[in-house]
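*Asks:* Sequence below, structure please.
(one chain, ligands or ions: 1)
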Amino acid sequence: MELPFAESFRIKMVEPIRRTTRAEREQFIREAKFNLFNLKSANVFIDLLTDSGTGAMSDRQWSEMMLGDESYAGASSFFKFRDAIRDIMGFEYVLPCHQGRAAENVLFSVLVKEGHLVPGNSHFDTTKGHIEFRKAKAVDCTIDEAFDTTLAHPFKGNIDLVKLEKVLAENGDRVPFIIFTITCNSSGGQPVSLANMKAVRQLADKYGKKIVMDSARFAENAYFIKVREDGCQNKSIREIVKEMFSYADAITMSAKKDAIVNIGGFIAMRDKDLFDKASVFEIIYEGYITYGGLAGRDLNAIARGLYEATEFDYLETRVRQVEYLGNKLMAMGIPIQQPVGGHAIFVDAKRFLPNVRKEEFVAQTLAVHLYVEAGVRGVEIGAILADRDPVTRENRYPELELMRLAIPRRVYTNNHMDVVAAGLKNIWDRRSTIKTGFKIVREAPIMRHFTVELEKI
Ligand code: P61
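*Replies:* The predicted structure follows:
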């Protein structure tokens, strides 16, 4: 008999979680104004709100925490951190930051100006927020295949070269850089192929542009390249990572994802001049250039986490758990973004709840139902997150209304995934009875999804 697949770790420390009753959950979500960010985590049984900062660190990472050098400047922890990034990612200059959006803030303070256009594959919301906040525009050049959730394209994070060249040819003087988000969170944790990175590099060189990679899930991207891209099966994850980043001039990183830490981020770059300019903003916004808002112990844990996240066995365990949930849902007929991405399942809410109007926030409606049904917290990636157009102030309705179930790294077992699947199945079976959603009663002027308040229609 062939031995089944099993996780490449065992569990040394546990954290209790508590089930609640349906009646309790109905009350909690009403008190939270139907915004899942407002729930107390103690009232969530399985928390799939995000895979960001929610992973379980290894025993090696925890021991690195004890070795942190907390000197203000020039701490040994900084050099450990910098050398890990140099070794794994191949960039000479590094600035630590307290998380991913802080890295965006520092780097974009140098590079993005009013009137600029920043083309890329679907920009993440904080990236778009930092671009729009500077009165510039994020231009989505993702391939069309990404927007058809039924299509099993292996690299739905790819940039469409024709769309990109149009922007560069018509408005090249307004483009400060091209951005790749790897993996592409907004289109479903979908990877970008090496071939696409190489082709975009050629276009960037033709037009004299920089490439920035938003690298939060770079290791998961490398895993997909290894298992899906022709000619890459025999390359190691670290070789693929080096090649991916050889096409970039700079990266921003939320270490809360693929460095498997609870807080942290960084910018890494090749150009000394860019480093010098970014250092000025680093000092204003983040702290001195050798700690950037982080403790020495955090820098140590990131360094160790980068090595762990680029081991094949770790990545196989990680992605196979996401696939486990995805395959279960697909077997139940539940519509999800295919193929399954690296960090999350994205349920196609418009196909799940066809009777709910888009003006009533379909994916949010599904996420509220799932919490009440099973105590599982997902997140809306739809019209609430898409926010209003900064100029017209009209609601933006994205092509995809998705409910994301993001799976924290090394935290839940497949039994938890079974609970998630059963909860969704129960809603699926009564989907024809769900006809109404929500209306907004209060919202912030930017990034409204965190604090929005809703009422049932
Ligand atoms: C997430 F509801 N992602 O996916 P920071 N780039 C990319 C990200 O995925 C990302 C950041 C930059 C989160 C956390 C999150 O509205 C939300 O370290 C590809 O979170 O600052 C973060 O990195 C920013 C959840 C962020 C949200 C914003 O769950």
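*Asks:* Please report the distance of the residue of the stretch 51-200 of the chain found nearest the ligand from Val106.
*Replies:* Proximity of the stretch 51-200 of the chain to the ligand (Cβ to the nearest ligand atom) peaks at Gly100, 2.4 Å away. C-betas here are computed from N, CA, C, even on glycine. Gly100 is 11 Å from Val106, where distance means Cβ to Cβ, to the nearest Å.
*Asks:* Likewise for His98?
*Replies:* Counting by Cβ to Cβ - His98 and Val106 are separated by 10 Å.
*Asks:* repeat for Phe5
*Replies:* From Phe5 to Val106 the distance is 41 Å (Cβ to Cβ).
*Asks:* So which of those two has more stuff around it?
*Replies:* The residue with more neighbours, out of Phe5 and Val106, is Val106; 27 against 10, by other Cβ atoms under 10 Å.
*Asks:* before we move on, the earlier item: joint contacts of His98 and Val106?
*Replies:* Listed as contacting both His98 and Val106 by Cβ atoms under 8 Å, 6 or more residues apart in numbering are Glu286.
*Asks:* If we ignore the residues flanking it in sequence, what's nearest the residue of the stretch 51-200 of the chain closest to the ligand?
*Replies:* Using Cβ to Cβ, 6 or more residues apart in numbering and skipping residues adjacent in sequence, the residue nearest Gly100 is Ser254, 2.6 Å away.
*Asks:* which ones are touching the residue of the stretch 51-200 of the chain closest to the ligand?
*Replies:* Counting by Cβ under 8 Å, 6+ apart, Gly100 has contacts 126, 214, 216, 252-257, 265.
*Asks:* out of the residues you listed, who's nearest the ligand?
*Replies:* Checking these one by one against the ligand (Cβ to the nearest ligand atom), the nearest turns out to be Ser254, at 3.3 Å.
*Asks:* Need the single longest helix in the chain, by residues.
*Replies:* helix 312-331 (DSSP state H).
*Asks:* one step back: tell me the spacing between the residue of the stretch 51-200 of the chain closest to the ligand and Asp249.
*Replies:* For Gly100 relative to Asp249 (Cβ to Cβ), the value is 18 Å.
*Asks:* What distance do you get for Leu117 to Lys206?
*Replies:* 17 Å.
*Asks:* cool, and Leu168?
*Replies:* 8 Å.
*Asks:* Neighbour count: the two, which is higher?
*Replies:* Comparing Leu168 with Lys206 by other Cβ under 10 Å, the one with more neighbours is Leu168, at 21 against 12.
*Asks:* Spit out the contact partners of the closest residue in space to that one that isn't next to it in sequence.
*Replies:* Here the nearest residue to Leu168 in space, its sequence neighbours aside, is Tyr207; by Cβ to Cβ, 6+ apart that works out to 4.5 Å. Contacts here follow Cβ under 8 Å, 6+ apart; on that basis Tyr207 touches 168-169, 172, 175.
*Asks:* what's the burial count for the nearest residue to Glu114 once chain neighbours are set aside?
*Replies:* The shortest distance from Glu114 to any non-neighbouring residue, by Cβ to Cβ, 6+ apart, is to Lys135 (4.1 Å). For Lys135, the neighbour count with other Cβ under 10 Å is 13.
*Asks:* Show the pLDDT at Lys135.
*Replies:* According to the prediction, Lys135 has pLDDT 95.
*Asks:* same check, this time on Ser187
*Replies:* 83.
*Asks:* where does it land in three-state SS?
*Replies:* coil (DSSP: H, G, I helix; E, B strand; the rest coil).
*Asks:* give me the low-pLDDT residue ranges for the chain?
*Replies:* For the chain, applying pLDDT under 70 flags no range at all.
*Asks:* Against Asp205, how distant is the residue nearest the centre of it?
*Replies:* In the chain, the centroid-proximal residue (Cα atoms, centre = their mean) is Asn185; its distance is 4.5 Å. Computed as Cβ to Cβ, the Asn185 to Asp205 distance reads 27 Å.
*Asks:* now do Arg396
*Replies:* Taking Cβ to Cβ, one finds Arg396 at 33 Å from Asp205.
*Asks:* So which residues of the stretch 351-457 of the chain form helices?
*Replies:* 362-374, 383-386, 414-429 (DSSP state H, counting those that start in this stretch).
*Asks:* Among the ones you listed, show me which one is buried the most.
*Replies:* Each of these was scored by mean neighbour count; the highest is helix 362-374, a mean of 26, by mean count of other Cβ atoms under 10 Å.
*Asks:* How about the residues of this structure by the ligand?
*Replies:* 50, 52, 99-101, 124-127, 181, 185, 214, 216, 254, 256, 265, 379, 406, 449 (Cβ under 6 Å from any ligand atom).
*Asks:* Now which of these would you call buried?
*Replies:* 50, 52, 99-101, 124-127, 181, 185, 214, 216, 254, 256, 265, 379, 406, 449 (16 or more other Cβ atoms under 10 Å).
*Asks:* Please identify the buried residues of stretch 314-324?
*Replies:* So, applying 16+ other Cβ under 10 Å, buried residues of stretch 314-324: 314-319, 321-324.
*Asks:* need the strands for the stretch 151-300 of the chain, in chain order.
*Replies:* Taking DSSP state E, counting those that start in this stretch, the strands of the stretch 151-300 of the chain run over residues 177-181, 210-214, 250-254, 265-269.
*Asks:* For burial, what's the neighbour tally of the closest residue to Leu67 other than its chain neighbours?
*Replies:* Nearest residue to Leu67 in three dimensions, chain neighbours excluded: Asn300, at 5.7 Å (Cβ to Cβ, 6+ apart). Using other Cβ under 10 Å, Asn300 is surrounded by 27 other residues.
*Asks:* How about the contacts made by Asn300?
*Replies:* 64-65, 67-68, 77, 80-81.
*Asks:* do the same with His98
*Replies:* 263-265, 286, 292-294.
*Asks:* how does the protein divide into domains?
*Replies:* 22-51+312-456, 59-309 (automatic domain parsing).
*Asks:* quick one: buried residues of stretch 447-457?
*Replies:* 447-449, 452, 454.
*Asks:* likewise stretch 30-41?
*Replies:* 32-36, 39.
*Asks:* same check, this time on stretch 198-218
*Replies:* 199-201, 203-204, 209-218.
*Asks:* Stretch 282-298 too?
*Replies:* 282, 286-298.
*Asks:* from these, which ones fall inside helices?
*Replies:* 282, 296-298.
*Asks:* Check the residues you listed and tell me the two furthest apart.
*Replies:* Glu282 and Arg297 (19.9 Å; Cβ to Cβ).
*Asks:* What is the nearest of the contacts of Gly100 to Leu306?
*Replies:* Ala255 (8.0 Å).
*Asks:* Based on its surroundings, how many neighbours for that closest one?
*Replies:* For Ala255, using other Cβ under 10 Å, the count is 33.
*Asks:* got the contact list for it?
*Replies:* 99-100, 261, 263-266, 302, 305.
*Asks:* Tell me how far Ser77 lies from Arg377.
*Replies:* 34 Å.
*Asks:* The two: which is more packed in?
*Replies:* Ser77 (27 against 23).
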